[in-house]
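Participant: what follows is a predicted structure for the sequence shown.
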Amino acid sequence: MVYYKEVPEVNKRMVAGYYLFLCLIGFAILLGPTGSGIPITLVGTSDRDKHEALLAQPDWGTDPSDCTGAICHNDRHGNWSLSYHARAAVWNGTHVLIGDLPFMAYTEAAWNASSCAECHTTGWDNSTGTPTYDFLGVNCFACHNVSAAEWVAYDGAPCLTCHTGDPMGDHPYQGGWWSTSAHADSLEDLRASGHASESCMHCMTAEGSIFLTNPDELATTSPDVDETFADVDGNYNAITCPACHAVHSDWTELYETTKGSEDVLAPGYIRATNATELCGLCHIELRHPMYEIYKGGPHDLAGVECISCHGYSLTRQSGNPFVNHSFALNLTAACGQSDFCHMDTEEWALGQLEMIQDAFTALSTEFYSESDALRTLILAYNDTAGADHTLVDDLILDIDNAEYVFDLLGYDRSQGFHNPGTIFEELNAAYRDLLEAKATFYESVPEEVTVTVTNTITTTVTVIGADTLLIVAGSVGGIVIGLVLGILVGRRR
């Protein structure tokens, strides 16, 4: 049998066309950068090279438009142009206005003599006794020293140049309050605690907080930062201004439906859609569950945000526009701050608060006394001959789970106030589980078992079978006596 194989005819014109096309591409690559007119970008050209070239220009660094185009910060320039920084001072043709406000108008001479100009302009200089400035408003160069580095340090120093002052004064800037807050000491306190870990760093440092919301920003703006956060003694900053505020970043969640208005960005350009969601980035989980507990509570359902109370002015200045960045509470001022709240009924509101917190404290004290006593008794039983270790393991787990609920709600630190209904429902359920574990122990332990409990001051309490014989030696504390009495009463029931 003969097989035939057909060989396809080669299209010589097509092959020639392919070769010609490849030659043209090679020719463009070789000659493009040297003047062919073909826009070829050389691999390896960096933003740093662009900055260095522009820095050589004598007129560089006064106009924010310098940062668009060649450097390509168009998005950030656009966001900045909508910010309060951009409108910190505006010339309307005859007067300088602060924030576009007509009642804050200055003639040029009055403006130059005003102390406001020092922070409401860029490049302000009074070294000769005659104030000068480069730009009305706070632009890129007020915060970015591009001759030293392209990024702003996360220590918040550029912010504190202006946002500082007496926290209780007539013009109480945020930095003055912040310096008295736990945020300002977050990293120092963490390291002093002796249990600093990598997981803590994400909420106890500015760099870690930024990494939670926008790791790309952290990577491109501060190349010295170790994003693993494994070295807790590394070069980090506490919870400073940039940890919560993204002044000009392109955050899509910050935009409202009214893009183009002065409310286009979230208040204060925070790194979340509102203040409560911002607090919720870190105030979560076992050691600080405030956000999770507060959500769904009565104040949350009423539209009250965290800063509505924790950020309210300590001095109750009705005209004060600044958030209290110490986040310390003045309950009377906060509860009565407006008709929307409890104005003129502050006494009632504070009475409710006191009642809730007193009940929380009393219930917690009673629970921990009961759980400690039961745990001590069960562990003592575990050491007796023939003890049911599986029973012990199950009961200790029940105690651990009940204590976890009380621990979690205790770490909320509102003592029940953030969400009273849910908090007391969960506390009561946990306490009920503890009492059920106690009843199970009494019912399961044989009556002939002798359990000896020794406290820290070498006092011994001996419990023998169903007909309990109490032997107390030495100075017996009230908790130990309560333990034994609880056993007696519970067993009889």
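Facilitator: Noted; the coordinates are in hand.

Participant: I'd like the average pLDDT over stretch 276-294.
Facilitator: For stretch 276-294, mean pLDDT rounds to 92.

Participant: now stretch 214-234
Facilitator: Here stretch 214-234 scores 74 as its mean pLDDT.

Participant: again with stretch 397-407
Facilitator: Here the average pLDDT along stretch 397-407 is 98.

Participant: name the secondary structure element that contains Ala109.
Facilitator: Element membership of Ala109, judged by DSSP states H and E, is helix 108-113.

Participant: who touches that helix?
Facilitator: Residues lying outside helix 108-113 but in contact with it, judged by C-beta atoms under 8 Å, 6 or more residues apart in numbering, are 89, 95-96, 117, 130-131. Glycine gets a C-beta too; all of them are placed from N, C-alpha and C.

Participant: make JSON lines out of those residues and add secondary structure, distance to Ser197 and neighbour count.
Facilitator: Converted to JSON lines, those look like this (DSSP: H, G, I helix; E, B strand; the rest coil; distance: C-beta to C-beta, whole Å; neighbours: other C-beta atoms under 10 Å):
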{"residue": "Ala89", "secondary structure": "coil", "distance to Ser197": "46", "neighbour count": "25"}
{"residue": "His95", "secondary structure": "coil", "distance to Ser197": "56", "neighbour count": "15"}
{"residue": "Val96", "secondary structure": "strand", "distance to Ser197": "51", "neighbour count": "22"}
{"residue": "Ala117", "secondary structure": "helix", "distance to Ser197": "47", "neighbour count": "22"}
{"residue": "Thr130", "secondary structure": "coil", "distance to Ser197": "55", "neighbour count": "8"}
{"residue": "Pro131", "secondary structure": "coil", "distance to Ser197": "50", "neighbour count": "17"}
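
Participant: out of these, flag the one nearest to His389.
Facilitator: Checking the contacts of helix 108-113 against His389 with C-beta to C-beta, the nearest one is Ala89 at 75.4 Å.

Participant: quick check: that closest one touching His95?
Facilitator: No. Counting by C-beta atoms under 8 Å, Ala89 does not reach His95; the two are 10.5 Å apart.

Participant: farthest-separated two in the contacts of helix 108-113?
Facilitator: Farthest pair in the contacts of helix 108-113 (C-beta to C-beta) is His95 and Thr130. Separation: 20.2 Å.

Participant: which pLDDT value goes with Phe27?
Facilitator: pLDDT recorded at Phe27 is 49.

Participant: tell me, how many residues neighbour Asp300?
Facilitator: 17 (other C-beta atoms under 10 Å).

Participant: which residue comes closest to it once chain neighbours are left out?
Facilitator: Spatially, and ignoring its direct neighbours in sequence, Asp300 is nearest to Tyr294 (5.6 Å; C-beta to C-beta, 6 or more residues apart in numbering).

Participant: can you list contacts of the helix or strand that the helix holding Ala109 is followed by?
Facilitator: The element immediately downstream of helix 108-113 (helix or strand, assigned by DSSP H and E) is helix 117-120. With contacts defined as C-beta under 8 Å, 6+ apart, helix 117-120 is touched by 88-89, 98, 111, 124, 126, 131, 133, 136-138, 161-162.

Participant: just the buried ones from these?
Facilitator: The neighbour-count criterion (16 or more other C-beta atoms under 10 Å) marks 88-89, 98, 111, 124, 131, 133, 136-138, 162 among these as buried.

Participant: which of those lies closest to Phe340?
Facilitator: Ile98 (28.3 Å).

Participant: beta partners for the closest one?
Facilitator: According to DSSP bridges, the partner residues bridging Ile98 are Leu101.

Participant: for it, give its distance to Cys116.
Facilitator: To Cys116, Ile98 is 6 Å away according to C-beta to C-beta, to the nearest Å.

Participant: now list whatever residues contact both of the two.
Facilitator: In contact with both Ile98 and Cys116: 89, 106, using C-beta under 8 Å, 6+ apart.

Participant: so in this protein, which helix runs the longest?
Facilitator: Looking across the chain with DSSP state H, the single longest helix is helix 346-382.

Participant: what residues go with each domain of this structure?
Facilitator: Segmentation of the chain into domains, based on automatic domain parsing, reads 1-150, 176-257+269-335, 346-492.

Participant: hey, least reliable of these by pLDDT?
Facilitator: Among the domains of the chain, domain 1-150 carries the lowest mean pLDDT, a mean of 69.

Participant: count the neighbours of Ala230 for me.
Facilitator: So Ala230, with other C-beta under 10 Å, has 10 neighbours.

Participant: ok, now how distant is the nearest residue to it once chain neighbours are set aside from Leu281?
Facilitator: Leaving aside its chain neighbours, Ala230 sits nearest to Glu198 (5.2 Å; criterion: C-beta to C-beta, 6+ apart). Noted for Glu198: a distance of 17 Å to Leu281, by C-beta to C-beta.

Participant: what about the strands in the stretch 201-350 of the chain?
Facilitator: Counting by DSSP state E, counting those that start in this stretch, the stretch 201-350 of the chain has no strands at all.

Participant: helices of that one, start to end?
Facilitator: Ranges of helices in the stretch 201-350 of the chain, per DSSP state H, counting those that start in this stretch, are 206-213, 215-221, 241-244, 275-279, 290-294, 298-301, 306-310, 331-335, 346-382.

Participant: burial check on Gly296, number of neighbours?
Facilitator: Gly296: 12 neighbours (other C-beta under 10 Å).

Participant: actually Asp155, not the one I typed
Facilitator: Asp155, neighbours per other C-beta under 10 Å, totals 15.

Participant: mind checking the SS state of it?
Facilitator: Under DSSP: H, G, I helix; E, B strand; the rest coil, Asp155 falls in the coil class.

Participant: okay, buried residues for the helix holding Ala109 please.
Facilitator: The neighbour-count check on helix 108-113 (16+ other C-beta under 10 Å) flags 111-112 as buried.

Participant: is Ser414 in contact with Ile293, as I believe?
Facilitator: Yes. Look at Ser414 against Ile293 with C-beta under 8 Å: they come within range, at 7.5 Å.

Participant: more crowded one of those two?
Facilitator: Neighbour count, other C-beta under 10 Å: between Ser414 and Ile293, Ile293 has more, with 24 against 19.

Participant: gap between the more buried one and Gly421?
Facilitator: Applying C-beta to C-beta, the value for Ile293 to Gly421 is 11 Å.

Participant: try Ser193
Facilitator: Distance, Ser193 to Gly421, by C-beta to C-beta: 33 Å.

Participant: Ser444 too?
Facilitator: Ser444 sits 35 Å away from Gly421, going by C-beta to C-beta.

Participant: same thing with Gly123?
Facilitator: Here Gly123 is placed at a distance of 56 Å from Gly421 (C-beta to C-beta).

Participant: and stretch 83-96, what's buried?
Facilitator: Buried residues in stretch 83-96, counting neighbours by 16+ other C-beta under 10 Å, are found at 83, 85-90, 96.

Participant: ok, stretch 180-190 next?
Facilitator: By neighbour count on 16+ other C-beta under 10 Å, the buried set for stretch 180-190 is 181, 183-184, 186-187, 190.

Participant: got it, and stretch 428-448?
Facilitator: Residues 430-431, 434, 437-438, 441, 445 are the ones in stretch 428-448 that count as buried (16+ other C-beta under 10 Å).

Participant: isn't His238 right next to Ala184, touching?
Facilitator: Residue 238: Ala, not His. Yes. Between Ala238 and Ala184 a contact is recorded at 5.8 Å, counting by C-beta under 8 Å.

Participant: residues shared between the contacts of the two?
Facilitator: By C-beta under 8 Å, 6+ apart, no residue touches both Ala238 and Ala184.

Participant: CA-only coordinates of stretch 196-215 in CSV, if you can.
Facilitator: Below are the C-alpha coordinates for stretch 196-215, written out as CSV (Å, rounded to 0.1, in the frame of the first residue of the first chain):
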residue,chain,number,x,y,z
ALA,A,196,4.1,43.3,72.0
SER,A,197,3.7,41.1,69.0
GLU,A,198,3.4,41.4,65.2
SER,A,199,-0.4,41.3,65.3
CYS,A,200,-0.5,44.2,67.7
MET,A,201,1.5,46.4,65.4
HIS,A,202,-1.3,46.7,62.8
CYS,A,203,-3.4,48.8,65.2
MET,A,204,-0.8,50.3,67.5
THR,A,205,1.3,52.0,64.8
ALA,A,206,0.5,54.5,62.1
GLU,A,207,2.2,52.3,59.5
GLY,A,208,0.2,49.3,60.6
SER,A,209,-3.1,51.2,60.5
ILE,A,210,-2.4,52.4,57.0
PHE,A,211,-1.4,48.9,55.9
LEU,A,212,-4.9,47.7,57.0
THR,A,213,-6.7,50.2,54.7
ASN,A,214,-4.2,50.7,51.8
PRO,A,215,-1.0,48.6,51.7
